[in-house]
Structure formats: structure tokens, C-alpha cells
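Novice: could you look at this predicted model? Sequence included:
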Amino acid sequence: MKRRYTDQHAGSGLDSELPDIETWLNQFKGYEITIEVPEYTAICPKTGLPDFGTIRVTYLPDKRCLELKSLKMYIHAYRNVGIFYENAVNRILKDIVSACRPVRAVVTGEFTARGGLRSTIHARYP
């Protein structure tokens, strides 16, 4: 019997509780910040196998900047979450936008090959 993807697989991880992303008051305007996290891991909600990748966050801050240690703890909390790549990248963007309200932001996930395929996901705000 072939296992099929279900709506439950598709929505997995979207409501998982994750640590808060803290921020601090920005002192300057008109500059861009890029943060790279090369140790992203999560669990495939269908197979239960680990996924690995690099998450890159590029944003133009407005009034608040992301606090790096809390962002690291937030990203590392995904290691126990069953979530698809696409959902993880979009959820990370949503949570970053909620935390610091940037002028603009892009979250990119570059995931290691599995079964001969590599995926790169980009999510943008606005």
C-alpha cells in the first residue's frame, strides 16, 4: 500500500509552539542585515526522517532589530517539529515580521539533497 500525503501532513508544524524572537531598538535607518543559520534541522511530517538545511534571513529593519541569540534558539527549536520545507520558510518569515515589523524581508531555505533532489525556498515580505 502506497502512503499518500494528507492534509494533516500539509499543515503539520504550522501551529507548533516555538520560542519567542526577541528584538532591540534600532538606532539607524536604511541598512540591510543578513543572518545565516547553517544548522537548520526539522522532521519530515510524512517520513519522520530529519531534514537539514541553511536558513538565510535578509531584512531592512525599521524600528526593531532581531536579537541573534533568541533567533538562534527559535530556529534550533524546529529540530523537533514535523514540518515541510515550504511551510518552515514561510512560518519563519511570518514570525520574523511579527517580531520586528521590518520594511522588507526575505527568508531563504536551502535544503540538502534527499532522494537526488535539492530544494531552495524563498519567502518575501511585503
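Specialist: Right, received. Where do you want to start? Numbering: from 1, shown residues only.

Novice: from here on, just use CA atoms for contacts and neighbour counts.
Specialist: Will do.

Novice: now do stretch 69-85, average pLDDT.
Specialist: On average, the pLDDT along stretch 69-85 is 97.

Novice: how about it: buried residues?
Specialist: Using 16 or more other Cα atoms under 10 Å as the test for burial, stretch 69-85 gives 71-72, 74-79, 81-85.

Novice: ok, of those, which one's closest to Ala105?
Specialist: Nearest to Ala105 among the buried residues of stretch 69-85 is Leu71, at 14.7 Å by Cα to Cα.

Novice: who are the packing partners of the helix or strand hosting Ala42?
Specialist: According to DSSP states H and E, Ala42 maps onto strand 33-43. Packing contacts for strand 33-43, counted by 3 or more Cα pairs under 8 Å, 6 or more residues apart in numbering; DSSP states H and E, involve strand 50-60, helix 68-76.

Novice: biggest helix in the chain, by residue count?
Specialist: helix 85-100 (DSSP state H).

Novice: ok now that one, how far from the chain's centre?
Specialist: 5 Å (Cα atoms, centre = their mean, to the nearest Å).

Novice: flag every buried residue along it.
Specialist: Per 16+ other Cα under 10 Å, helix 85-100 contains these buried residues: 85-94, 96-97, 99-100.

Novice: does Lys29 touch Tyr59 like I think?
Specialist: No. Taking contacts as Cα atoms under 8 Å, Lys29 lies outside contact range of Tyr59: 12.0 Å.

Novice: so if I had to pick from the two, which one is more boxed in?
Specialist: Neighbour count, other Cα atoms under 10 Å: between Lys29 and Tyr59, Tyr59 has more, with 25 against 10.

Novice: partner residues bridging the nearest residue to that one once chain neighbours are set aside?
Specialist: Leaving aside its chain neighbours, Tyr59 sits nearest to Ala105 (4.1 Å; criterion: Cα to Cα, 6 or more residues apart in numbering). Applying DSSP bridges to Ala105 yields these beta-bridge partners: Tyr59, Tyr125.
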